[in-house]
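1. next come a sequence and a model predicted from it.
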Amino acid sequence: MAAQKQRQINLLPQEEFEASTFGRIFKWLLSTFRILVIATEMIVMIAFLSRFWLDSRRSDLDDEIKTKQAVLAATSDFEKQFRLIQKQLKIFSSLSSQPAATDILNTITQYQPSSVILTAVTLSNDTIQIKGVAPTEVEVGQFITNLSSEKSFKSVTLTQAETQSESSLIEFNLKIILGPKGVQL
């Protein structure tokens, strides 16, 4: 028993089976399927390993998104305030480019009798609304006459006049329409 030969068992016959057409097809199928199994295993391994890389990449992107959201939340108040200031500056620049408002108010106060008190002045495109109080109708009439003498006003109209019951002052509303040569707002 000293030198026993190792015997290899091959279930496929070697000589005559490999020589037949079926044997050659069977041998080709076995070698091709072996290559397909190896290729499939490699694809599975690549997919398995790439999953770790993709998970870490996703985690990094999630962290980056959270950081950017925090920055946006921190700067949103500043942005709102900045936009509000921009809007106010736009309104101011549109008003400052039209110096007519102060000129018109100066003109109105020049013609205002000393006993007439103005409570509100509303300026729009070519119309001025004035609300005020006066002790008598004479002062209201004098104010209307004075304003009508101004050439930049197309028309001066008394739209409302009524006596206050508690103080016997006359409340009045005037509507002034600016003329074509008048100062436009």
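-> That came through, no problem.
2. following element in sequence after the lengthiest helix in the chain, please.
-> In the chain, assigned by DSSP state H, the helix with the most residues is helix 21-96. The helix or strand immediately downstream of helix 21-96 is helix 100-110, counting by DSSP states H and E.
3. relative to helix 21-96, how tilted is that next one?
-> Counting by axes from the mean of the first three to the mean of the last three Cα atoms, to 10 degrees, helix 100-110 lies at 20 degrees to helix 21-96.
4. chain center to stretch 41-59, what's the gap?
-> 40 Å (Cα atoms, centre = their mean, to the nearest Å).
5. same question for it, mean pLDDT?
-> Regarding stretch 41-59, the rounded mean pLDDT is 93.
6. check stretch 89-103 too.
-> Computed over stretch 89-103, the average pLDDT equals 70.
7. ends of that stretch, how far apart?
-> Start-to-end span of stretch 89-103 (Cα to Cα, to the nearest Å) is 22 Å.
8. can you pull the buried residues of the longest strand seen in the chain?
-> When the chain is parsed with DSSP state E, its longest strand is strand 153-163. Residues of strand 153-163 classed as buried by neighbour count (16 or more other Cβ atoms under 10 Å): 153, 156. Where you see a C-beta, it was placed from the backbone N, CA and C, and this is true even at glycine.
9. domains of this protein?
-> 16-97, 100-178 (automatic domain parsing).
10. switch these over to TSV; also include distance to Arg7.
-> Converted to TSV, the domains of the chain look like this (distance: least, Cβ to Cβ, whole Å):
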stretch	distance to Arg7
domain 16-97	19
domain 100-178	113
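11. out of those, flag the one nearest Lys5.
-> domain 16-97 (23.8 Å; Cβ to Cβ).
12. report the distance from the closest one to the chain centre.
-> Worked out by Cα atoms, centre = their mean, domain 16-97 lies 29 Å from the chain centre.
13. what do you get for stretch 132-142?
-> Using Cα atoms, centre = their mean, the offset of stretch 132-142 from its chain centre is 51 Å.
14. going forward, count from 675.
-> Yep, numbering from 675; the last one is stretch 806-816 now.
15. list the buried residues for it?
-> 806-808, 813-814, 816.
16. for Ile850, give the beta-bridge partners.
-> Following DSSP bridges, Ile850 is listed with bridge partners Ile802, Val830.
17. and it, how many residues sit next to it?
-> Neighbourhood size, Ile850 [other Cβ atoms under 10 Å]: 26.
18. ok, it - contacts?
-> If you count contacts by Cβ atoms under 8 Å, 6 or more residues apart in numbering, Ile850 has them with 782, 801-804, 821, 827, 829-831.
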